[in-house]
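[1] no sequence on this one, just coordinates:
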């Protein structure tokens, strides 16, 4: 019974940020029904759970949206839903007959969430793109990397998920909150280009104050500072250092046994020299040895764990940051609520796993369901 337990959301199948948004809402208790493509449905006696983890906790129905009867299925489901999310390029949902206008004719209170890369309008709105492109144009990518080296893409975490899926999830929840007051829904234009830019707000502030240079790898948080850096250990491991505040830095230098041997912490002119000294010290011991030395301190030094190692860390085990379901280790839901806990309510379903169940739940009679199967509108 999560905080969204009384909310029904229709998710039109897409990739990346759309499913991530749906996963977050499902983890919070919403009944998320994913409209998968009919031709993606493969019938078998026991399809078992999918490994598409972002579809956990959802129900799946296979619908042919190019079939007029398939369009009518979505519009009929919309009548009983609180929100719909889609990730098409601008204009595609309209051409399929499931754009905001027909949906709101069936349900004026519907919150209609749209997830795109470039947004619903603008010179680039109709073009293809991926996370790396949105980061490049928003200025994010230029900031990530070491001095004298090319920018480094931070996987697809910033555009797709932080600046995309989470932005849409926030928009949907805010839209639902407002709709309960006004009785009216609205269209949410969530664009990864906007979300990526939004995440750099603090950096823009620092830049305006003269505390950030456009030169990559020389700033406080981009590996320019010796106290915000990653250092290799004697066994090929790495330790992450985030000793920004003077007190933390002092404890860091003391445990590193370099107390009194380095220039002033904020003397940027000597940062390269300080980094060399610190790097040489870290190379003297293994990652395990350094982890033991800094354990329990406020020096802000932690081992760099692989994705395979992270779930076994004692802190993660104590908080159940990672959970196992169907033998698959995965991050658990967040954030956490004390009265209405979020949880993984079900395994990721195979496409179309719940077609008949969902149609019946939305009021389609047995005769109607048989007709829809026969016409190929559902599978």
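    Arrived safely. These numbers were taken from a predicted model, which means no experiment stands behind them.

[2] low pLDDT regions in the protein?
    Within the chain, the segments meeting pLDDT under 70 span 45.

[3] what about the longest helix in it?
    helix 166-182 (DSSP state H).

[4] following element in sequence after that helix, please.
    Beyond helix 166-182 on the C-terminal side, the first helix or strand identified by DSSP states H and E is strand 187-191.

[5] report the distance from the next helix or strand after that next one to the chain centre.
    Per DSSP H and E, the first helix or strand lying C-terminal to strand 187-191 is helix 192-198. The gap between where helix 192-198 is centred and where its chain is centred comes out at 13 Å by CA atoms, centre = their mean, to the nearest Å.

[6] what comes up buried for the helix or strand that comes right after helix 192-198?
    Next along the chain after helix 192-198, taking DSSP H and E as the criterion, comes helix 201-208. Taking 16 or more other CB atoms under 10 Å as the basis for neighbour counts, the residues of helix 201-208 that come out buried are 203, 206-207. Backbone N, C-alpha and C define where each C-beta goes, glycine included.

[7] contacts for helix 201-208?
    Surrounding helix 201-208, the residues in contact under the criterion CB atoms under 8 Å, 6 or more residues apart in numbering are 143, 212, 214, 220-221.

[8] now the element after it, going C-ward?
    Proceeding N to C from helix 201-208, the next assigned helix or strand is strand 228-232, under DSSP H and E.

[9] what lies in contact with that next one?
    Judged by CB under 8 Å, 6+ apart, the contacts made with strand 228-232 from elsewhere in the structure are 220-221, 223, 238-244, 275, 278-279, 282-283, 304.

[10] could you export the contacts of helix 201-208 to a markdown table, including columns for distance to residue 366 and neighbour count?
    Written out in a markdown table, the entries for these read as follows (distance: CB to CB, whole Å; neighbours: other CB atoms under 10 Å):
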| residue | distance to residue 366 | neighbour count |
| --- | --- | --- |
| 143 | 58 | 19 |
| 212 | 64 | 20 |
| 214 | 65 | 10 |
| 220 | 65 | 16 |
| 221 | 60 | 14 |
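
[11] what is the nearest of those to residue 2?
    Among those, residue 221 lies closest to residue 2 (CB to CB), at 34.3 Å.

[12] for residue 372, which non-adjacent residue is spatially closest?
    The spatial neighbour of residue 372 that comes closest, neighbours along the chain excluded (CB to CB, 6 or more residues apart in numbering), is residue 378 at 4.7 Å.

[13] is it true that the one you found touches residue 72?
    No. In terms of CB atoms under 8 Å, residue 378 does not count as a neighbour of residue 72; the distance is 11.1 Å.

[14] the helix or strand where residue 277 lies: which residues count as buried?
    When secondary structure is defined using DSSP H and E, the element that contains residue 277 is helix 271-282. Judged by neighbour count using 16+ other CB under 10 Å, the buried positions of helix 271-282 are 271, 274-275, 278, 281-282.

[15] which residues of this protein fall in strands?
    In chain order, the chain shows strands spanning 8-12, 31-37, 58-63, 83-86, 111-116, 187-191, 228-232, 238-242, 301-303, 322-325, 328-331, with DSSP state E as the criterion.

[16] JSON lines please, covering these and showing distance to residue 104 and mean neighbour count.
    Rendered in JSON lines, the data for the strands of the chain read as follows (distance: least, CB to CB, whole Å; neighbours: other CB atoms under 10 Å):
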{"stretch": "strand 8-12", "distance to residue 104": "13", "mean neighbour count": "24"}
{"stretch": "strand 31-37", "distance to residue 104": "18", "mean neighbour count": "24"}
{"stretch": "strand 58-63", "distance to residue 104": "20", "mean neighbour count": "26"}
{"stretch": "strand 83-86", "distance to residue 104": "10", "mean neighbour count": "27"}
{"stretch": "strand 111-116", "distance to residue 104": "7", "mean neighbour count": "26"}
{"stretch": "strand 187-191", "distance to residue 104": "9", "mean neighbour count": "21"}
{"stretch": "strand 228-232", "distance to residue 104": "48", "mean neighbour count": "17"}
{"stretch": "strand 238-242", "distance to residue 104": "47", "mean neighbour count": "18"}
{"stretch": "strand 301-303", "distance to residue 104": "49", "mean neighbour count": "19"}
{"stretch": "strand 322-325", "distance to residue 104": "36", "mean neighbour count": "14"}
{"stretch": "strand 328-331", "distance to residue 104": "35", "mean neighbour count": "14"}
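
[17] brilliant, that's me finished.
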